[in-house]
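A.B. asks: Build me a model:
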Amino acid sequence: MYLNLFTVLLAAFVLVSALPGEASAAAPFNFTAGLLDKTLAASTQAQTNRIHSLQDELLTLQKQEEEWDHSITLQHNQNKEALTALSKQAKTIDAAQLAKLEEEVLRTRERYKPLLSRYTAINKQIEDVRPLKNKSLNTMLRIQATALKIPAQLARADIQSKEKAHRAAKDKASKATKGLRERLDDINPTNVQIKAKMSAVQSSRKSLSPLWSAFKKSAKKGDATGVQSTLSSMVSLLRQVNDEKQRIYKLETSVRDKLATIKKDTG
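C.D. replies: Below you'll find the model as predicted:
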(Lines give C-alpha, C1' and ligand atoms only; values in the text may rest on other atoms or scores of the structure.)
Protein backbone atom coordinates (compact mmCIF):
# COMPACT_ATOMS: atom_id res chain seq x y z
CA MET A 1 0.00 0.00 0.00
CA TYR A 2 2.71 2.47 0.93
CA LEU A 3 4.69 1.63 -2.19
CA ASN A 4 1.64 2.40 -4.32
CA LEU A 5 1.07 5.65 -2.45
CA PHE A 6 4.71 6.62 -2.83
CA THR A 7 4.57 5.86 -6.56
CA VAL A 8 1.51 8.06 -7.00
CA LEU A 9 3.00 10.90 -4.99
CA LEU A 10 6.29 10.57 -6.85
CA ALA A 11 4.53 10.76 -10.21
CA ALA A 12 2.66 13.85 -9.11
CA PHE A 13 5.85 15.37 -7.73
CA VAL A 14 7.69 14.78 -11.01
CA LEU A 15 4.94 16.60 -12.90
CA VAL A 16 4.78 19.42 -10.38
CA SER A 17 8.57 19.72 -10.56
CA ALA A 18 8.58 19.98 -14.35
CA LEU A 19 8.77 23.78 -14.44
CA PRO A 20 12.39 24.79 -15.12
CA GLY A 21 14.03 27.70 -13.36
CA GLU A 22 12.35 31.08 -13.20
CA ALA A 23 9.42 30.04 -15.39
CA SER A 24 11.22 30.15 -18.74
CA ALA A 25 12.38 33.72 -18.25
CA ALA A 26 14.39 35.09 -21.17
CA ALA A 27 17.11 37.69 -21.47
CA PRO A 28 15.58 41.20 -21.66
CA PHE A 29 15.59 43.23 -24.85
CA ASN A 30 18.19 45.91 -24.34
CA PHE A 31 17.53 49.11 -26.27
CA THR A 32 20.95 50.73 -26.02
CA ALA A 33 21.36 54.48 -26.33
CA GLY A 34 21.52 55.54 -29.96
CA LEU A 35 20.24 52.19 -31.27
CA LEU A 36 17.39 53.85 -33.14
CA ASP A 37 18.99 57.23 -33.88
CA LYS A 38 19.75 56.42 -37.52
CA THR A 39 16.31 54.93 -38.09
CA LEU A 40 14.41 57.78 -36.47
CA ALA A 41 16.42 60.36 -38.38
CA ALA A 42 15.23 58.83 -41.65
CA SER A 43 11.64 58.24 -40.51
CA THR A 44 8.51 60.23 -41.10
CA GLN A 45 6.75 61.62 -38.04
CA ALA A 46 4.11 58.93 -38.31
CA GLN A 47 6.77 56.21 -38.44
CA THR A 48 8.62 57.77 -35.50
CA ASN A 49 5.46 57.86 -33.41
CA ARG A 50 4.63 54.27 -34.32
CA ILE A 51 8.15 53.03 -33.54
CA HIS A 52 8.14 54.77 -30.14
CA SER A 53 4.71 53.33 -29.39
CA LEU A 54 5.81 49.81 -30.31
CA GLN A 55 9.03 50.17 -28.32
CA ASP A 56 7.13 51.31 -25.22
CA GLU A 57 4.61 48.50 -25.60
CA LEU A 58 7.39 45.93 -26.00
CA LEU A 59 9.12 47.13 -22.83
CA THR A 60 5.81 47.09 -20.96
CA LEU A 61 5.11 43.55 -22.12
CA GLN A 62 8.61 42.55 -21.11
CA LYS A 63 8.03 43.91 -17.62
CA GLN A 64 4.71 42.09 -17.42
CA GLU A 65 6.41 38.87 -18.48
CA GLU A 66 8.93 39.23 -15.66
CA GLU A 67 6.07 39.69 -13.21
CA TRP A 68 4.29 36.61 -14.55
CA ASP A 69 7.52 34.63 -14.31
CA HIS A 70 7.93 35.61 -10.67
CA SER A 71 4.31 34.80 -9.80
CA ILE A 72 4.38 31.46 -11.62
CA THR A 73 7.66 30.36 -10.04
CA LEU A 74 6.54 31.39 -6.55
CA GLN A 75 3.24 29.53 -6.85
CA HIS A 76 4.91 26.53 -8.47
CA ASN A 77 7.42 26.19 -5.63
CA GLN A 78 4.65 26.51 -3.05
CA ASN A 79 2.78 23.71 -4.82
CA LYS A 80 5.87 21.49 -4.62
CA GLU A 81 6.16 22.20 -0.89
CA ALA A 82 2.47 21.43 -0.38
CA LEU A 83 2.78 18.11 -2.21
CA THR A 84 5.88 17.16 -0.21
CA ALA A 85 4.07 17.95 3.05
CA LEU A 86 1.04 15.95 1.92
CA SER A 87 3.23 12.97 1.09
CA LYS A 88 4.94 13.09 4.48
CA GLN A 89 1.63 13.51 6.31
CA ALA A 90 -0.03 10.58 4.54
CA LYS A 91 2.85 8.16 5.10
CA THR A 92 3.59 9.17 8.70
CA ILE A 93 0.05 9.14 10.09
CA ASP A 94 -1.00 5.87 8.44
CA ALA A 95 2.26 4.13 9.28
CA ALA A 96 2.09 5.06 12.96
CA GLN A 97 -1.50 3.90 13.35
CA LEU A 98 -0.98 0.59 11.55
CA ALA A 99 2.29 -0.12 13.35
CA LYS A 100 0.59 0.42 16.70
CA LEU A 101 -2.27 -1.96 15.88
CA GLU A 102 0.10 -4.57 14.48
CA GLU A 103 2.18 -4.39 17.64
CA GLU A 104 -0.98 -4.93 19.71
CA VAL A 105 -1.74 -8.07 17.69
CA LEU A 106 1.78 -9.42 18.22
CA ARG A 107 1.75 -8.64 21.95
CA THR A 108 -1.66 -10.26 22.40
CA ARG A 109 -0.58 -13.42 20.56
CA GLU A 110 2.58 -13.61 22.64
CA ARG A 111 0.68 -13.07 25.89
CA TYR A 112 -1.71 -15.95 25.21
CA LYS A 113 0.84 -18.24 23.60
CA PRO A 114 1.60 -20.32 26.76
CA LEU A 115 -2.11 -20.76 27.51
CA LEU A 116 -3.05 -21.79 23.97
CA SER A 117 0.00 -24.03 23.63
CA ARG A 118 -0.91 -25.75 26.90
CA TYR A 119 -4.54 -26.19 25.82
CA THR A 120 -3.49 -27.62 22.44
CA ALA A 121 -0.99 -29.97 24.09
CA ILE A 122 -3.55 -31.32 26.57
CA ASN A 123 -6.07 -32.03 23.82
CA LYS A 124 -3.36 -33.82 21.87
CA GLN A 125 -2.54 -35.90 24.95
CA ILE A 126 -6.20 -36.84 25.26
CA GLU A 127 -6.13 -38.18 21.71
CA ASP A 128 -2.80 -39.91 22.29
CA VAL A 129 -3.93 -41.79 25.43
CA ARG A 130 -7.33 -42.75 24.03
CA PRO A 131 -6.06 -46.13 22.67
CA LEU A 132 -4.59 -46.92 26.12
CA LYS A 133 -8.06 -46.90 27.69
CA ASN A 134 -6.60 -45.46 30.90
CA LYS A 135 -9.74 -44.04 32.47
CA SER A 136 -8.07 -42.17 35.33
CA LEU A 137 -5.46 -40.54 33.08
CA ASN A 138 -8.09 -39.66 30.52
CA THR A 139 -10.32 -38.14 33.21
CA MET A 140 -7.47 -36.09 34.64
CA LEU A 141 -6.55 -34.72 31.21
CA ARG A 142 -10.17 -33.89 30.41
CA ILE A 143 -10.53 -31.99 33.67
CA GLN A 144 -7.47 -29.94 32.75
CA ALA A 145 -8.80 -29.36 29.23
CA THR A 146 -12.18 -28.28 30.57
CA ALA A 147 -10.53 -25.84 32.97
CA LEU A 148 -8.57 -24.28 30.11
CA LYS A 149 -11.37 -24.30 27.52
CA ILE A 150 -13.06 -21.00 28.42
CA PRO A 151 -9.77 -19.09 29.02
CA ALA A 152 -8.54 -20.43 25.66
CA GLN A 153 -11.75 -19.32 23.94
CA LEU A 154 -11.48 -15.87 25.50
CA ALA A 155 -7.83 -15.67 24.47
CA ARG A 156 -8.65 -16.54 20.86
CA ALA A 157 -11.51 -14.05 20.87
CA ASP A 158 -9.16 -11.33 22.14
CA ILE A 159 -6.60 -12.16 19.46
CA GLN A 160 -9.30 -12.17 16.77
CA SER A 161 -10.59 -8.83 18.01
CA LYS A 162 -7.12 -7.28 17.75
CA GLU A 163 -6.62 -8.82 14.30
CA LYS A 164 -10.01 -7.52 13.19
CA ALA A 165 -9.14 -4.00 14.36
CA HIS A 166 -5.83 -4.21 12.49
CA ARG A 167 -7.54 -5.41 9.30
CA ALA A 168 -10.17 -2.69 9.57
CA ALA A 169 -7.47 -0.04 9.94
CA LYS A 170 -5.61 -1.47 6.94
CA ASP A 171 -8.80 -1.44 4.88
CA LYS A 172 -9.52 2.13 5.93
CA ALA A 173 -5.98 3.20 5.08
CA SER A 174 -6.24 1.39 1.75
CA LYS A 175 -9.45 3.24 0.90
CA ALA A 176 -7.87 6.52 1.96
CA THR A 177 -4.88 5.76 -0.24
CA LYS A 178 -7.16 4.97 -3.17
CA GLY A 179 -9.06 8.21 -2.60
CA LEU A 180 -5.82 10.17 -2.39
CA ARG A 181 -4.56 8.47 -5.55
CA GLU A 182 -7.72 9.46 -7.44
CA ARG A 183 -7.51 13.05 -6.24
CA LEU A 184 -3.85 13.31 -7.16
CA ASP A 185 -4.72 11.82 -10.52
CA ASP A 186 -7.13 14.73 -10.94
CA ILE A 187 -4.19 17.12 -10.52
CA ASN A 188 -1.88 15.37 -12.97
CA PRO A 189 -3.74 16.48 -16.14
CA THR A 190 -3.44 20.08 -14.97
CA ASN A 191 0.29 19.66 -14.48
CA VAL A 192 0.51 18.11 -17.94
CA GLN A 193 -1.24 21.18 -19.33
CA ILE A 194 1.24 23.43 -17.54
CA LYS A 195 4.16 21.50 -18.95
CA ALA A 196 2.71 21.66 -22.48
CA LYS A 197 2.08 25.40 -22.21
CA MET A 198 5.59 26.02 -20.91
CA SER A 199 6.91 24.12 -23.91
CA ALA A 200 4.79 26.31 -26.21
CA VAL A 201 6.10 29.44 -24.47
CA GLN A 202 9.67 28.29 -24.92
CA SER A 203 8.99 27.69 -28.61
CA SER A 204 7.53 31.20 -28.99
CA ARG A 205 10.48 32.60 -27.10
CA LYS A 206 12.84 31.01 -29.60
CA SER A 207 10.95 32.80 -32.38
CA LEU A 208 11.63 36.14 -30.67
CA SER A 209 15.38 35.71 -30.94
CA PRO A 210 15.63 35.94 -34.76
CA LEU A 211 13.13 38.82 -34.74
CA TRP A 212 15.33 40.72 -32.30
CA SER A 213 18.35 40.09 -34.50
CA ALA A 214 16.42 41.28 -37.58
CA PHE A 215 15.32 44.37 -35.66
CA LYS A 216 18.88 45.30 -34.75
CA LYS A 217 20.02 44.80 -38.35
CA SER A 218 17.22 47.04 -39.61
CA ALA A 219 18.06 49.64 -36.97
CA LYS A 220 21.71 49.56 -37.96
CA LYS A 221 20.73 50.19 -41.60
CA GLY A 222 18.24 52.89 -40.65
CA ASP A 223 15.43 50.86 -42.22
CA ALA A 224 12.31 52.33 -40.61
CA THR A 225 9.97 49.89 -42.33
CA GLY A 226 12.03 46.90 -41.19
CA VAL A 227 12.28 48.25 -37.64
CA GLN A 228 8.56 48.86 -37.45
CA SER A 229 7.74 45.46 -38.92
CA THR A 230 10.01 43.49 -36.57
CA LEU A 231 8.89 45.50 -33.53
CA SER A 232 5.27 44.85 -34.44
CA SER A 233 5.93 41.10 -34.78
CA MET A 234 7.79 41.02 -31.46
CA VAL A 235 5.00 42.87 -29.68
CA SER A 236 2.41 40.47 -31.10
CA LEU A 237 4.45 37.41 -30.15
CA LEU A 238 5.30 38.65 -26.66
CA ARG A 239 1.66 39.48 -26.07
CA GLN A 240 0.84 35.86 -26.91
CA VAL A 241 3.59 34.70 -24.54
CA ASN A 242 2.14 36.77 -21.70
CA ASP A 243 -1.38 35.52 -22.40
CA GLU A 244 -0.06 31.97 -22.21
CA LYS A 245 1.83 32.67 -18.98
CA GLN A 246 -1.31 34.13 -17.48
CA ARG A 247 -3.06 30.84 -18.28
CA ILE A 248 -0.13 28.94 -16.75
CA TYR A 249 -0.46 30.95 -13.55
CA LYS A 250 -4.18 30.20 -13.39
CA LEU A 251 -3.40 26.50 -13.78
CA GLU A 252 -0.83 26.73 -10.97
CA THR A 253 -3.43 28.32 -8.70
CA SER A 254 -5.82 25.52 -9.66
CA VAL A 255 -3.21 22.99 -8.49
CA ARG A 256 -2.75 25.03 -5.30
CA ASP A 257 -6.48 24.97 -4.54
CA LYS A 258 -6.75 21.22 -5.15
CA LEU A 259 -3.77 20.47 -2.91
CA ALA A 260 -5.18 22.73 -0.20
CA THR A 261 -8.50 20.89 -0.32
CA ILE A 262 -6.79 17.50 -0.11
CA LYS A 263 -4.72 18.68 2.85
CA LYS A 264 -7.83 19.98 4.61
CA ASP A 265 -9.73 16.74 4.05
CA THR A 266 -6.85 14.49 5.16
CA GLY A 267 -5.43 16.68 7.93
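A.B. asks: give the contact list for residue 112.
C.D. replies: 155-156, 158-159 (C-beta atoms under 8 Å, 6 or more residues apart in numbering). Any C-beta I mention is one placed from the backbone N, CA and C, and that applies to glycine too.
A.B. asks: and if you look at residue 85?
C.D. replies: Applying C-beta under 8 Å, 6+ apart, the residues near residue 85 are residue 263.
A.B. asks: mind checking pLDDT for it?
C.D. replies: For residue 85, the pLDDT comes out at 87.
A.B. asks: about what we covered before: in ChimeraX, how would I select just the buried ones from the contacts of residue 112?
C.D. replies: Per 16 or more other C-beta atoms under 10 Å, the buried members of the contacts of residue 112 correspond to this ChimeraX selection:
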select :155,159
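A.B. asks: So which residues of the chain form helices?
C.D. replies: Chain-ordered helices for the chain, with DSSP state H as the definition, fall at 2-16, 37-41, 45-129, 135-221, 224-266.
A.B. asks: just to revisit the earlier point, and the contacts of residue 112, which two are the farthest apart?
C.D. replies: Greatest spacing in the contacts of residue 112, by C-beta to C-beta: 156 and 158 (7.3 Å).
A.B. asks: excluding its backbone neighbours, what's nearest residue 262?
C.D. replies: Nearest in space to residue 262, with sequence neighbours left out and distances taken as C-beta to C-beta, 6 or more residues apart in numbering, is residue 183 at 5.4 Å.
A.B. asks: The one you found and residue 97: what is the separation?
C.D. replies: According to C-beta to C-beta, to the nearest Å, residue 183 stands 20 Å off from residue 97.
A.B. asks: Counting neighbours, go ahead and name the busier of those two.
C.D. replies: Residue environment comparison for residue 183 versus residue 97 gives the larger neighbour count to residue 183, 18 against 15, counting by other C-beta atoms under 10 Å.
A.B. asks: Wait, the more buried one touches residue 260, no?
C.D. replies: No. Applying C-beta atoms under 8 Å, one finds residue 183 not in contact with residue 260, separated by 11.8 Å.
A.B. asks: Could you find the closest non-adjacent residue to residue 226?
C.D. replies: Here the residue nearest residue 226, using C-beta to C-beta, 6+ apart, is residue 218, at 3.1 Å.
A.B. asks: What number of residues are in the vicinity of that neighbour?
C.D. replies: Taking other C-beta under 10 Å as the neighbour definition, residue 218 ends up with a count of 20.
A.B. asks: Thought residue 230 was touching it, still the case?
C.D. replies: Yes. The pair residue 218 and residue 230 qualifies as a contact (C-beta under 8 Å) at a distance of 6.1 Å.
A.B. asks: In JSON lines: the helices of the chain, plus distance to residue 30.
C.D. replies: As requested, the helices of the chain are exported to JSON lines (distance: least, C-beta to C-beta, whole Å):
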{"stretch": "helix 2-16", "distance to residue 30": "34"}
{"stretch": "helix 37-41", "distance to residue 30": "16"}
{"stretch": "helix 45-129", "distance to residue 30": "10"}
{"stretch": "helix 135-221", "distance to residue 30": "10"}
{"stretch": "helix 224-266", "distance to residue 30": "13"}
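A.B. asks: now for those helices, which one comes closest to residue 28?
C.D. replies: That would be, of these and by C-beta to C-beta, helix 45-129, which comes in at 5.9 Å.
A.B. asks: isn't residue 42 right next to residue 224, touching?
C.D. replies: Yes. The criterion here is C-beta under 8 Å, and residue 42 meets it with residue 224 at 6.0 Å.
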